[in-house]
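Peer 1: Show me the folded form of this:
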Amino acid sequence: MFSNKRKTIGVLLERVASEFQNCLCQGIIQRAEQLGYNVAIFGAYGNYGHNERYLVGDQNLWELPVYEDLDGVILALDTIENLEGRERIIESVRTRCHCPVVSVREVVEGINNLLVDNKTCMDGIIDHFIVDHRMKRLCFMTGPEDHWDARERLESFFRKMKEHSLPVSERQYFWGDFWKGKGKEACDWFLGGEEMPEAIICANDYMAMAVASELNGRGYRVPEDICVSGYDGMKATLSFTPSITTVVVPFFEMGSKAVEIINEKQECPEKVEDYYFDTIIKKRETCGCITTGSKETLDLRQCLYETENVKQNREMQFHFMSIHLSECHTINQISERITYYSYSIPGLRDYCLCLCDDIMENENPSAYTEQMVLRLAIKDKKENEHIRMFFERRELLPSIMTGEEAQVWYFAPIHFQDKCFGYEAFRFYDVEVTGKLYLYWNIIMGNQIQNIITYQKMQRLMNQLENMYDRDALTGMYNRRGFENYANPMFEEAREKGETIFLSIIDLDGMKQINDNYGHVEGDFALCKVREAIAKACGDDVIQARTGGDEFVVVGKNFNEQQGLICMGKMEKYLDDFNASNEKEYDIHASFGAIRRVPKADDTLESFIKESDEVMYMNKVANKAKRGEALR
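Peer 2: Residues are numbered from 1 along each chain as shown. Alright, predicted model coming up:
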């Protein structure tokens with residue numbers, strides 16, 4: 001994998017730019033580079049918009065890794081919202097991996113687990129409110145009821161309240177969503193009881209910020225009226241006003257430890273253990289321990305202010321990127337435009353667009369192909385233009401994009417709804433800015449590739465319709481309408497510029513006898529053979545058409561004195577050679593009449609055709625007499 005013969009660790013998670021995932025990956029990358037491992041991070045985006053077809057395309061990413069080739073796997077399953085996606089990953093790991101596997105924050109039987117003890121992780125913060133702040137009326141907002149960690153954190157609340165001989169009514173706990181969507185419902189529930197809560201303890205930071213925001217909107221002061229706390233230690237808890245008291249989980253250290261476990265167990269992957277990490281309480285404004293902004297808070301808020309300005313500019317760039325790419329009708333045109341916008345991704349060093357090798361032919365591509373095609377390559381911020389390089393999917397990237405040093409690449413799916421187009425690969429300059437991937441960028445790319453496929457399909461259909469409109473179905477030559485559409489402008493131009501026009505009428509001899517004696521299939525064969533003879537003799541220098549049942553016409557500009565007659569002679573020789581082969585029981589002959597001159601002011605294409613037709617008829621009579629045939 002990566003063509004450098006180093007061992008590779010695969011990391012599977014969703015929403016890689018989120019704080020936990022990003023911090024975890026930084027710990028993984030730093031330790032992996034120290035130990036000389038490659039890292040391949042497979043990051044899907046999840047079920048944004050709750051669109052089932054989109055989710056199918058997004059979750060195809062779990063089929064991209066060749067699990068048998070990995071030397072270690074790190075799973076962050078609790079970041080993956082879709083239960084079927086989790087099951088697919090676990091099944092692939094169990095049946096296909098032959099290496100150490102580590103699960104972070106979620107227990108998976110039979111593999112190594114890196115955990116925080118959810119049964120005790122809330123103890124410190126609960127003790128802080130009861131012992132340090134002398135509070136008795138505490139409420140607890142946990143996660144979804146079907147999440148084991150949400151249940152265990154709630155059990156921790158029950159246990160600590162019991163230890164302090166404090167009663168818990170049903171109004172004092174609420175099943176949340178581990179996200180921002182249920183802050184209002186939680187406040188309705190907690191504030192609807194007989195007693196006003198003194199503190200609302202939340203099982204993660206997203207819910208804590210949602211609750212604090214809702215309380216503020218209702219006119220409650222935090223922490224003067226009600227205290228709030230969270231869990232995870234996200235940076236956003238510092239930028240929030242007031243800053244959120246929280247429990248910090250050492251995500252970076254967990255990532256580093258996961259790599260160490262994989263390294264230690266290379267020779268004995270079947271030996272599995274559970275590892276536990278301690279948490280740290282960060283006392284801030286929402287519990288009343290800090291009444292004014294700390295230097296840490298103020299510094300981070302300033303940093304986030306600057307980051308927000310960068311973010312706004314980046315989002316504007318992505319809007320223009322969407323507009324600019326909408327003009328593209330080929331993959332090459334995407335390549336020409338995308339390099340500029342790659343500068344909108346902080347710290348990006350290399351970028352690859354890897355597409356399935358059949359997306360232009362396959363109506364509904366649903367899986368990665370064994371052979372992929374590198375269609376866009378930016379290495380050290382320099383674009384390799386119009387590249388089209390095939391490589392084996394199990395290598396993930398062609399060798400021109402990798403080197404002997406340890407590689408760290410992020411992989412994201414490229415799809416439109418449930419159609420699988422391929423994947424993007426990103427490489428960053430350093431661990432501090434790594435993994436800043438953006439769903440908007442990804443959606444733009446997937447949508448534009450779909451637009452290109454649709455555009456090219458429409459062009460093919462338009463060409464087919466055009467061919468049906470101006471092409472003869474039997475021979476593929478222009479029909480009379482097509483001939484007039486293309487020949488008339490040529491004729492008018494020649495008359496205006498004083499250029500010579502060569503026009504020849506060609507007629508298949510004895511077509512009725514062939515049809516009567518051998519059938520219409522043979523008659524069609526004879527017509528196609530004449531078409532072959534014309535094409536071989538005249539090439540692409542003339543307009544060729546079948547304008548009647550057995551009548552053909554060719555027209556071209558600027559033929560010299562002999563060129564036209566030479567072409568007609570080649571046509572006759574082609575037919576004579578075929579007749580000499582005795583392939584058919586009958587011979588195929590054609591008579592022609594040709595005219596060559598500069599059109600006069602009163603000449604028209606039809607007058608040239610009529611004049612050539614008269615010559616052709618005289619030649620037909622002479623040819624039949626020469627062959628001893630009756631004129632019909």
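
Peer 1: what's the nearest residue to Met490 if we skip its chain neighbours?
Peer 2: Once flanking residues are discounted, Met490 sits nearest to Lys557: 6.1 Å by C-beta to C-beta, 6 or more residues apart in numbering. Where you see a C-beta, it was placed from the backbone N, CA and C, and this is true even at glycine.

Peer 1: ok, the one you found touching Ile501?
Peer 2: Yes: between Lys557 and Ile501 a contact is recorded at 6.2 Å, counting by C-beta atoms under 8 Å.

Peer 1: which residues do these two both contact?
Peer 2: The contact sets of Lys557 and Ile501 overlap at 490, 494 (C-beta atoms under 8 Å, 6 or more residues apart in numbering).

Peer 1: Settle it for me: which of these two has more neighbours?
Peer 2: Comparing Lys557 with Ile501 by neighbour count (other C-beta atoms under 10 Å), the higher total belongs to Ile501, at 24 against 16.

Peer 1: Per-residue pLDDT of the residue lying closest to the more buried one once chain neighbours are set aside, please?
Peer 2: In space, and not counting its chain neighbours, Ile501 is closest to Ala494: 4.9 Å by C-beta to C-beta, 6+ apart. pLDDT for Ala494: 94.

Peer 1: who's in contact with Ala494?
Peer 2: Shown in contact with Ala494 (C-beta under 8 Å, 6+ apart): 500-501, 557, 598-599.

Peer 1: What helix or strand is the residue nearest the centre of the chain located in?
Peer 2: Geometric centre of the chain, nearest residue: Ile414, 1.5 Å, by C-alpha atoms, centre = their mean. In this assignment (DSSP states H and E), Ile414 forms part of strand 408-416.

Peer 1: quick one: low-confidence parts of this structure?
Peer 2: In the predicted model, the chain carries pLDDT under 70 at residues 291-314, 385, 433-434, 561, 629-632.

Peer 1: Surely the residue nearest to Ile501 is within a helix?
Peer 2: Yes: counting by DSSP: H, G, I helix; E, B strand; the rest coil, Ala494 is located in a helix.

Peer 1: Could you tell me how far it is located from Lys180?
Peer 2: Using C-beta to C-beta, to the nearest Å, we find Ala494 at a distance of 74 Å from Lys180.

Peer 1: now swap in Phe174 and tell me
Peer 2: When distance is defined by C-beta to C-beta, Phe174 is 14 Å away from Lys180.

Peer 1: OK, contacts around the nearest residue to Glu285 once chain neighbours are set aside?
Peer 2: Of all residues not flanking Glu285 in the chain, Pro242 sits nearest, at 3.5 Å (C-beta to C-beta, 6+ apart). The neighbours of Pro242, taking C-beta under 8 Å, 6+ apart as the test, are 212, 222-223, 284-286.

Peer 1: Beta-bridge partners for Leu12, please?
Peer 2: Taking DSSP bridges as the rule, Leu12 bridges to Phe42, Leu75.

Peer 1: coming back round to it: correct me, but the residue nearest to the centre of the chain touches Ile444?
Peer 2: No: assessed by C-beta under 8 Å, Ile414 is found out of contact with Ile444, at 10.4 Å.

Peer 1: and Val373, helix, strand or coil?
Peer 2: strand.

Peer 1: Is it bridged to anything, and to what?
Peer 2: Beta-bridge pairing of Val373 under DSSP bridges involves Leu355, Phe390.

Peer 1: give me the number of residues near it?
Peer 2: So Val373, with other C-beta under 10 Å, has 20 neighbours.

Peer 1: ok, now how distant is it from Met161?
Peer 2: In terms of C-beta to C-beta, Val373 sits 60 Å off from Met161.

Peer 1: Same check on Glu185?
Peer 2: Distance from Glu185 to Met161, by C-beta to C-beta: 22 Å.

Peer 1: of those two, who's got more company?
Peer 2: Remark: of Glu185 and Met161, Met161 carries more neighbours, 19 against 16, as counted by other C-beta under 10 Å.

Peer 1: Could you double-check that that one lies in contact with Val168?
Peer 2: Yes: between Met161 and Val168 there is a contact at 5.1 Å, judged by C-beta under 8 Å.

Peer 1: can you pull out the helices in the stretch 451-600 of the chain?
Peer 2: Using DSSP state H, counting those that start in this stretch, the helices found in the stretch 451-600 of the chain span residues 480-497, 511-518, 520-538, 563-580.

Peer 1: Return the most buried member of those.
Peer 2: Most buried of these, by mean neighbour count (mean count of other C-beta atoms under 10 Å): helix 520-538, with a mean of 18.

Peer 1: Tell me the secondary structure at Phe174.
Peer 2: strand.

Peer 1: What strand or helix carries Ile9?
Peer 2: In the assignment (DSSP H and E), Ile9 maps to strand 8-14.

Peer 1: And the next helix or strand past that strand?
Peer 2: Heading C-terminal from strand 8-14 (DSSP H and E), you reach helix 19-35.

Peer 1: between that following helix and strand 8-14, what angle do the directions make?
Peer 2: Interaxial angle, helix 19-35 versus strand 8-14 (axes from the mean of the first three to the mean of the last three C-alpha atoms, to 10 degrees): 180 degrees.

Peer 1: Determine how far helix 19-35 lies from the middle of the whole chain.
Peer 2: Centre-to-centre, helix 19-35 and its host chain are 25 Å apart (C-alpha atoms, centre = their mean, to the nearest Å).

Peer 1: what does stretch 519-528 give?
Peer 2: For stretch 519-528, the distance to the chain centre is 50 Å (C-alpha atoms, centre = their mean).

Peer 1: mind saving the C-alpha coords of it as CSV?
Peer 2: Taking C-alpha atoms only, stretch 519-528 is exported to CSV below (Å, rounded to 0.1, in the frame of the first residue of the first chain):
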residue,chain,number,x,y,z
GLY,A,519,-33.5,-10.3,-52.4
HIS,A,520,-33.5,-6.9,-50.8
VAL,A,521,-30.9,-7.9,-48.2
GLU,A,522,-28.4,-8.3,-51.0
GLY,A,523,-29.6,-5.0,-52.5
ASP,A,524,-28.7,-3.3,-49.2
PHE,A,525,-25.4,-5.1,-49.3
ALA,A,526,-24.6,-3.7,-52.7
LEU,A,527,-25.6,-0.2,-51.6
CYS,A,528,-23.2,-0.4,-48.6
